[in-house]
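**Student:** need a 3D model of the following:
(one chain, ligands or ions: 1)
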Amino acid sequence: MPFATGPRGCIGFNFALGEVKVLLPELVYRYEFFKEGEEAVTYDPEFQLIRPMNFYVRAKKRTSWPEKSKDAKKIAEDYKEGEKPRV
Ligand code: HEM
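**Tutor:** As a prediction, the model looks like this:
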């Protein structure tokens, strides 16, 4: 329970989730991430959340981007024309 529950639960829960939804796509858009090392990831069994013990990644700044999907192109075109995207 990362944000706790009940009457004393986190009031920043929705805000924090909103931040992640903005930040994570921004990071993935700008950087490519590579797992460091070959060994399988192990997790801390005593921790109540998922906590990897040996999971390291390297980030490389993207200089080119994969081709957009057909759907993404359509959404971008609709958006440019001021239409509401149909998703
Ligand atoms: C990843 C981000 C966050 C996590 C994991 C988190 C986690 C938590 C947890 C576990 C509690 C309960 C603490 C307890 O048991 O006493 C809590 C309480 C609280 N959090 Fe957060 N929080 C986050 C972000 C935020 C943000 C962004 C805000 C404000 C904008 C915020 C404001 C508060 C407040 C005011 C309380 C006290 C609520 C009360 O005692 O009635 N938190 N948070």
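
**Student:** any part of the lengthiest helix in the chain near the ligand?
**Tutor:** Assignment by DSSP state H gives helix 13-30 as the longest helix of the chain. Yes: using CB under 6 Å from any ligand atom, helix 13-30 comes into contact with the ligand via Phe15, Ala16. For glycine as for every other residue, the C-beta is placed from the backbone atoms N, C-alpha and C.

**Student:** any idea which element Ala59 lies in?
**Tutor:** strand 57-61 (DSSP states H and E).

**Student:** which other helices and strands contact that strand?
**Tutor:** Applying 3 or more CB pairs under 8 Å, 6 or more residues apart in numbering; DSSP states H and E, we find strand 57-61 packed against strand 31-35.

**Student:** show residues contacting the strand it packs on.
**Tutor:** Phe55, Tyr56, Val57, Arg58, Ala59, Lys60, Lys61, Arg62 (CB atoms under 8 Å, 6 or more residues apart in numbering).

**Student:** can you redo those residues as TSV with distance to Pro45, neighbour count and pLDDT?
**Tutor:** Formatted as TSV, these follow (distance: CB to CB, whole Å; neighbours: other CB atoms under 10 Å; pLDDT from 0 to 100):
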residue	distance to Pro45	neighbour count	pLDDT
Phe55	15	13	96
Tyr56	20	10	96
Val57	22	11	96
Arg58	27	10	97
Ala59	28	11	97
Lys60	32	9	97
Lys61	36	7	97
Arg62	36	12	95
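
**Student:** need the residues you listed in JSON lines with distance to Ile75, can you?
**Tutor:** Formatted as JSON lines, those follow (distance: CB to CB, whole Å):
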{"residue": "Phe55", "distance to Ile75": "33"}
{"residue": "Tyr56", "distance to Ile75": "34"}
{"residue": "Val57", "distance to Ile75": "29"}
{"residue": "Arg58", "distance to Ile75": "31"}
{"residue": "Ala59", "distance to Ile75": "27"}
{"residue": "Lys60", "distance to Ile75": "27"}
{"residue": "Lys61", "distance to Ile75": "25"}
{"residue": "Arg62", "distance to Ile75": "20"}
